[in-house]
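Colleague: fold the following and give me the result.
(chains A and B, ligands or ions: 2)
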There are 2 protein chains.
Amino acid sequence: MAHSSRTNVLTSQQDDFPRWYQDVLEKAELAENGPVRGTMVIRPYAYWLWERMQAEVDGRIKATGAENVYLPLFIPQSYLAREAEHVEGFSPELAVVTHAGGKELPEPVVVRPTSETLFGELMSKWIQSHRDLPMLLNRWANVVRWEMRPRLFLRTSEFLWQEGHTAHATREEANAYALRIHLDVYRDFLQNVLAIPVLVGVKSRRERFAGAINTMTCEAMMGDGKALQMATSHELGQNFAKAFDITFASSSGQVEPCWTTSWGSSTRMVGGLIMAHGDDQGIRIPPRVAPVQVVVLAVKVDERTMTIGSSLVRELITAGVRARLDNRTTQGFGRRATEWELKGVPVRLEVGPRDLQSGHATIVRRDGGAKESVRLEAVSTTIVALLESIHTEMIEAARQRLMDRTVEAASVTEALDAAKAGFARIPWEQLGEEGEDALNREAVSVRCL
Amino acid sequence: MAHSSRTNVLTSQQDDFPRWYQDVLEKAELAENGPVRGTMVIRPYAYWLWERMQAEVDGRIKATGAENVYLPLFIPQSYLAREAEHVEGFSPELAVVTHAGGKELPEPVVVRPTSETLFGELMSKWIQSHRDLPMLLNRWANVVRWEMRPRLFLRTSEFLWQEGHTAHATREEANAYALRIHLDVYRDFLQNVLAIPVLVGVKSRRERFAGAINTMTCEAMMGDGKALQMATSHELGQNFAKAFDITFASSSGQVEPCWTTSWGSSTRMVGGLIMAHGDDQGIRIPPRVAPVQVVVLAVKVDERTMTIGSSLVRELITAGVRARLDNRTTQGFGRRATEWELKGVPVRLEVGPRDLQSGHATIVRRDGGAKESVRLEAVSTTIVALLESIHTEMIEAARQRLMDRTVEAASVTEALDAAKAGFARIPWEQLGEEGEDALNREAVSVRCL
Ligand SMILES: [Zn+2]
Ligand SMILES: [Zn+2]
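Modeller: Ligands and ions are numbered 1, 2, ... in the order given. Reported below is the predicted structural model:
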């Protein structure tokens, strides 16, 4: 393997996975802590990755017919806790603004932990008749839930997310829509863009979202065998509509509560991507989401090499590849190669004087490290095909790991044992709520039925 | 004109321009007040418009080489007012979080009014050497500046914006970059996408951004002859870098402060677009930014009409036009036509049984109301060309108004007089800071030199 000759800059995953995660965020210049505890600075490369993820998710959401809106950051205290006498009465996850305009506010306002209550109020106003249905709304924004044990991307006091809320005339329509979001937006994005195989299922009654009649989840396995919830979709029945008085007059004139859904995904998916695909050399970004799919790297930065490098980049861009030339003269080749490896660019195209003499360049795959010499004329066709294979091989490798590390358990004891190294699959009849109690006592949760 | 036969749903601009503005926001379902005073709900159609504006501005920013980042919502009190003893000591524009995690915070945190101080701290850390320069960063986010007299889009306590901060090795580079942003991003976007002619110039010393050595502005004239500042770009010299200790080691090893710039534009531009182009029938969206460029409207919703309507929409989409079919059967033709007029869709294509018999449809322009009968085979080529002319004619009309309503003033008295109905142009030698005092006393400001 190509890596043997140099010292790793990261803690190895095997030695300490959480430490590896912290290391890679720092060394690949992805994110760092903000000055207020629990907040996060997302650096350019990771933000670019998030923008690409966001565009892919947003396109899929819009394809279901939903429209984006913006709802305010601040929510009146009364929306969240009509009974709270003093701000200490709020849930510990809330951040509360008590002063603004140079003085104490007559009523404190809460920084949105979600905009659920506001969606409720607005839908109640905007929906009058069956002609207003379905109402399919989504919102991209920052939200705040105060975190005692923050971890960048995974659990931060402020995070970026999308939050969808829809209202329908019938239970069937609401169910079908929630399922469509879950499969055509989340599962499709996670598998076909992020190359992460997901277990799609429903949550047990205990793990269900409050007020939901059904919570669907996409669970993915990280590099350490642990699960991460990547997105959830809830069927809220008529509970939410009844609480917020979201009613419609049917064509026969009868006034009925709507059937609603809600669903969300967040910057946590960036953390999931890093932990699902990363290795001891850095992160590995699957080609379809990669901000840079190919970096053309001059072994020696001379004029001839740079001219050929530039024309290869142009050729790749014309072929629809997101390609970039690394023409930095201030750092040696090895250091630049390591940097792109850390940042997980799927393909490096190395262009050196010796190769060029015979009309060749070298393709280096980030996923397995394989090198291949390719004739200059064949560079772009080879790479276009290669990017597709890399996607397929990355999801296959992840699927294999998921299978290898999922054990069929016949009892609670077996399930607990399996959960140390991966997932356990156990029949619900075998487990039941009592078994769930036993698992929970050992900090193992039932993720997905 | 087409409008004579029905009652206007809006206050006329002539009668009461601010009232017209409020009316159109409500009737075109663009925005409404949030429950916390000064906050704003942006409804789907206006948010779609903002997304399109954002994409156009973002693309231009990225073309200058800048990269997007995310910086946290919360800023430590100490960043903004090291000396403030108590939250009442803060500037009235700030919203302050005093409670989170279920208790009082040891140090209150401020909801960002801008991320300037945080950019300063981070750049100080990220920039070490001339190899790190130029550093070109931008950030899209919500910010909060408490407003005592809020107006939707124009002055809201929370608004959406982009905020760019860059650091350079020399004054020349910083100046050139700020100018590039001002002309190639802001002016180009405003004129070539929003069809709004702008006066580009520099601010007087008094109107300059605090700490800037030069503030450039894009000023546009609204429908009532008043000015609206659409975007500003600042050269900060070395002032900002000295305050935040943003230094770099030059190639000769000498440590020097950087030269920095900052620049921003916001959802205020949505308000500007509405006020620059709107008329008594609603808003008018210029074709290049319009979320829907053409709405195909069936006069009578029968099967044959809908089939032809759908195929026209497909044909238009294939030709690169953002087209949509209005197939609602629940509202009459007149009401639907009025709605699209209110929402300012540049072109309506009306498809009715009588026209269809002779193989025609009717094109109705939103900008002037002109109608034209067109053969079905010619629909898409006609509309593609028409959209370009509409852009040109809209900016020409706005330019004409700007010229008509700008008066050459020879004295302060003349300038004051002219400012009642539009702009006044007066030589700075004539005005000077004393003249500026006199104008300010009458609530007239010097917008642009
Ligand atoms: Zn106080
Ligand atoms: Zn208290």
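Colleague: output the set of residues of the stretch 151-300 of chain A in proximity to chain B.
Modeller: The interface of the stretch 151-300 of chain A toward chain B, taken as Cβ under 8 Å from any Cβ of the partner chain, is made up of A:157-158, A:160. Placement of C-beta: from N, CA and C, glycine included.
Colleague: considering these, which possesses the most neighbours?
Modeller: Highest neighbour count within those: residue A:157, with 25 neighbours (other Cβ atoms under 10 Å in any protein chain shown).
Colleague: which helix is the longest one in chain A?
Modeller: Under DSSP state H, the helix in chain A containing the largest number of residues is helix A:379-404.
Colleague: now for that one, which elements pack on it?
Modeller: Applying 3 or more Cβ pairs under 8 Å, 6 or more residues apart in numbering or on different chains; DSSP states H and E, one finds that helix A:379-404 makes contact with strand A:214-221, helix A:268-277, helix A:303-318, strand A:347-351, strand A:360-365.
Colleague: what is the nearest of the residues of the stretch 151-300 of chain A next to chain B to chain B?
Modeller: residue A:158 (5.2 Å; Cβ to the nearest Cβ).
Colleague: for the closest one, list each beta-bridge partner.
Modeller: On DSSP bridges, the residues paired with residue A:158 through beta bridges are residue A:144.
Colleague: isn't it up against residue B:75?
Modeller: No. Counting by Cβ atoms under 8 Å, residue B:75 is not a contact partner of residue A:158; they are 11.7 Å apart.
Colleague: pipe the residues of the stretch 151-300 of chain A next to chain B into TSV and attach distance to residue A:55 per row.
Modeller: TSV is the format used below for these (distance: Cβ to Cβ, whole Å):
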residue	distance to residue A:55
A:157	26
A:158	21
A:160	13
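Colleague: what sits against the most centrally placed residue in chain A?
Modeller: Centre of chain A computed as the mean C-alpha position; nearest residue by Cα atoms, centre = their mean is residue A:269, 1.6 Å away. By Cβ atoms under 8 Å, 6 or more residues apart in numbering or on different chains, the contact list for residue A:269 reads A:53, A:190, A:194, A:230-231.
Colleague: in strands only, show me those.
Modeller: The strands, defined by DSSP state E, take in A:230-231 from those.
Colleague: contacts for stretch A:11-31, please.
Modeller: A:9-10, A:32, A:40-46, A:151-153, A:223-224, A:270-271, A:274-275, A:278-280, A:282-283, A:342-344.
Colleague: let's see that with 6 Å instead.
Modeller: When contacts are defined by Cβ atoms under 6 Å, 6 or more residues apart in numbering or on different chains, stretch A:11-31 is touched by residues A:9-10, A:40, A:42-43, A:46, A:152, A:223-224, A:278, A:280, A:282-283, A:342-343.
Colleague: can you get me the start-to-end distance on that stretch?
Modeller: With Cα to Cα, to the nearest Å applied, stretch A:11-31 spans 17 Å between its terminal residues.
Colleague: would you mark the buried spots in that stretch?
Modeller: Within stretch A:11-31, the residues scored as buried using 16 or more other Cβ atoms under 10 Å in any protein chain shown are A:11, A:13, A:17, A:20-21, A:23-25, A:27-28, A:30-31.
Colleague: in strands, which of those fall?
Modeller: Judged by DSSP E, those include residue A:31 as members of strands.
Colleague: need the buried residues of stretch A:11-31 in JSON lines with distance to residue B:334 and pLDDT, can you?
Modeller: What follows is the buried residues of stretch A:11-31, written out as JSON lines (distance: Cβ to Cβ, whole Å; pLDDT from 0 to 100):
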{"residue": "A:11", "distance to residue B:334": "70", "pLDDT": "96"}
{"residue": "A:13", "distance to residue B:334": "66", "pLDDT": "96"}
{"residue": "A:17", "distance to residue B:334": "65", "pLDDT": "97"}
{"residue": "A:20", "distance to residue B:334": "65", "pLDDT": "97"}
{"residue": "A:21", "distance to residue B:334": "61", "pLDDT": "98"}
{"residue": "A:23", "distance to residue B:334": "66", "pLDDT": "97"}
{"residue": "A:24", "distance to residue B:334": "61", "pLDDT": "98"}
{"residue": "A:25", "distance to residue B:334": "59", "pLDDT": "98"}
{"residue": "A:27", "distance to residue B:334": "64", "pLDDT": "97"}
{"residue": "A:28", "distance to residue B:334": "59", "pLDDT": "97"}
{"residue": "A:30", "distance to residue B:334": "56", "pLDDT": "98"}
{"residue": "A:31", "distance to residue B:334": "54", "pLDDT": "98"}
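Colleague: now, the buried residues of stretch A:11-31 that are in helices?
Modeller: Using DSSP H, the members of the buried residues of stretch A:11-31 that fall within helices are A:17, A:20-21, A:23-25, A:27.
Colleague: does residue A:399 touch residue A:197 like I think?
Modeller: Yes. Distance between residue A:399 and residue A:197: 4.5 Å, which falls inside the contact criterion (Cβ atoms under 6 Å).
Colleague: among these two, which residue is more densely surrounded?
Modeller: Shown here are residue A:399 and residue A:197; by other Cβ under 10 Å, residue A:197 has more neighbours (21 against 15).
Colleague: isn't there a strand covering residue A:138?
Modeller: Yes. When the secondary structure is assigned by DSSP: H, G, I helix; E, B strand; the rest coil, residue A:138 falls within a strand.
Colleague: skip the chain neighbours and tell me the closest residue to it.
Modeller: Closest residue to residue A:138 in three dimensions, ignoring its sequence neighbours and counting by Cβ to Cβ, 6 or more residues apart in numbering or on different chains: residue A:164, at 4.3 Å.
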